[in-house]
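Visitor: With the sequence up front, the predicted model follows.
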Amino acid sequence: MLAAAILILALAFSSGLDSARAKASSSSVELAQAQAAYDAVEAQTSRLGEAFQAVEAAMGPIKATSGSHGAILPPKGPMPLFGKRLKDAQSLAEIGGELDLSTPVIVDYGSMLGKLESVKRTVPAIWPIFGDTGHISTTFGYNLNPFTGQSYMHTGIDCSTYRSGDLIVATADGVVTFAGVEGGYGRCVVIAHSYGYFTRYGHMERILVHPGQTVKQGQGIGILGNTGVSTGPHTHYEVIMGMAAGYLDPIDFIWEGGNPHPIVTGGGFSE
């Protein structure tokens with residue numbers, strides 16, 4: 001009798017152990033599957049993060065503009081809806097699907113911004129005084145001549161810091177075509193750029209480049225001064241299309257999202 005009871009208990013224990021092992025094995029498989037799904041989403045999230053970092057790196061030197069280049073707009077596609085879709089997602093698989101949709105869009109957007117950055121270096125896109133300092137003392141267009149009181153066409157903008165000695169920089173990559181004294185401009189530099197653009201920088205105290213020299217955007221080309229026809233230290237800065245095709249408003253080319261440089265009249269004048 002005792003032996004029969006022991007046998008029944010042994011069989012019950014063995015059956016229960018087999019059931020526990022089966023459940024443990026099933027749980028282990030489910031855990032492994034869940035871990036694999038989690039790892040996949042984590043990898044996708046990492047790729048998305050890298051894509052965002054690439055976009056931020058490209059955006060760093062680029063600011064949206066409302067001028068002739070147009071503002072940089074967010075891309076169309078799944079990315080703008082990603083936040084809502086992620087919130088509504090019910091599973092790791094759905095989240096992974098949204099990441100699959102969003103990552104290529106971010107990567108493409110970063111690539112586009114990278115191309116814009118390369119274009120930015122070839123057009124007159126930055127302020128011509130080092131450190132982005134100074135103000136506009138005379139705007140582009142019709143102004144009153146301080147010497148005659150008559151209205152005249154001012155072919156550029158006058159950029160001033162109220163002092164001589166500041167560094168004047170090239171506003172785009174290019175080649176120096178003139179460096180010397182030119183009438184009312186005083187000591188000035190002319191640079192030829194891609195796409196038919198030229199820039200002129202007048203009234204320098206000292207010229208730092210020579211004709212034929214290749215310069216990079218942001219490179220120093222002269223020292224701000226008061227030479228030529230001028231009422232105060234500044235640089236008369238022009239953007240010209242094809243030299244003979246006409247003068248353009250330099251403000252339209254500065255990629256700064258509006259004009260961060262105040263307009264303060266009376267700080268400088270040039271022809």
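Guide: Sure, I can see it.

Visitor: quick one: low-confidence ranges for the stretch 1-150 of the chain?
Guide: The model of the stretch 1-150 of the chain has pLDDT under 70 over residues 1-35, 37-117.

Visitor: how far away is Val175 from Ile221?
Guide: 12 Å (C-beta to C-beta, to the nearest Å). Just so you know, the C-beta spots here come from the backbone N, C-alpha and C atoms, and that holds for glycine as well.

Visitor: which residues do those two both contact?
Guide: Taking C-beta atoms under 8 Å, 6 or more residues apart in numbering as the contact rule, the neighbours common to Val175 and Ile221 are 191, 215.

Visitor: Can you report how many residues lie near Val190?
Guide: Look at Val190: counted by other C-beta atoms under 10 Å, it has 22 neighbours.

Visitor: Tell me the pLDDT of it.
Guide: Here the pLDDT value assigned to Val190 is 97.

Visitor: Just say helix, strand or coil for it.
Guide: Secondary structure assignment for Val190 (DSSP: H, G, I helix; E, B strand; the rest coil): strand.

Visitor: In the sheet, which residues pair with it? Tell me.
Guide: Bridge pairing for Val190 (DSSP bridges) gives the partners Phe178, Arg200.

Visitor: re earlier: so if I had to pick from Val175 and Ile221, which one is more boxed in?
Guide: Ile221 (23 against 14).

Visitor: would you say the more buried one is within a strand?
Guide: Yes - assessed with three-state DSSP, Ile221 lies in a strand.

Visitor: which residues touch it?
Guide: Ile221 makes contact with 168-170, 176, 189, 191, 201, 207-209, 215, according to C-beta under 8 Å, 6+ apart.

Visitor: Let's see that with 6 Å instead.
Guide: Going by C-beta atoms under 6 Å, 6 or more residues apart in numbering, Ile221 touches 168, 170, 189, 208-209.

Visitor: repeat for Val119
Guide: So Val119 contacts nothing (C-beta under 6 Å, 6+ apart).

Visitor: give me the number of residues near the nearest residue to Thr138 once chain neighbours are set aside?
Guide: Of all residues not flanking Thr138 in the chain, Asp158 sits nearest, at 4.0 Å (C-beta to C-beta, 6 or more residues apart in numbering). Using other C-beta under 10 Å, Asp158 is surrounded by 27 other residues.

Visitor: could you say which helix or strand contains Asp158?
Guide: strand 157-160 (DSSP states H and E).

Visitor: Please enumerate residues in contact with that strand?
Guide: 128-129, 134, 136-138, 140, 234-237, 250, 267-268.

Visitor: Among these, name the ones in strands.
Guide: Of the positions in those, 136-138, 235-237 sit in strands, assigned by DSSP state E.
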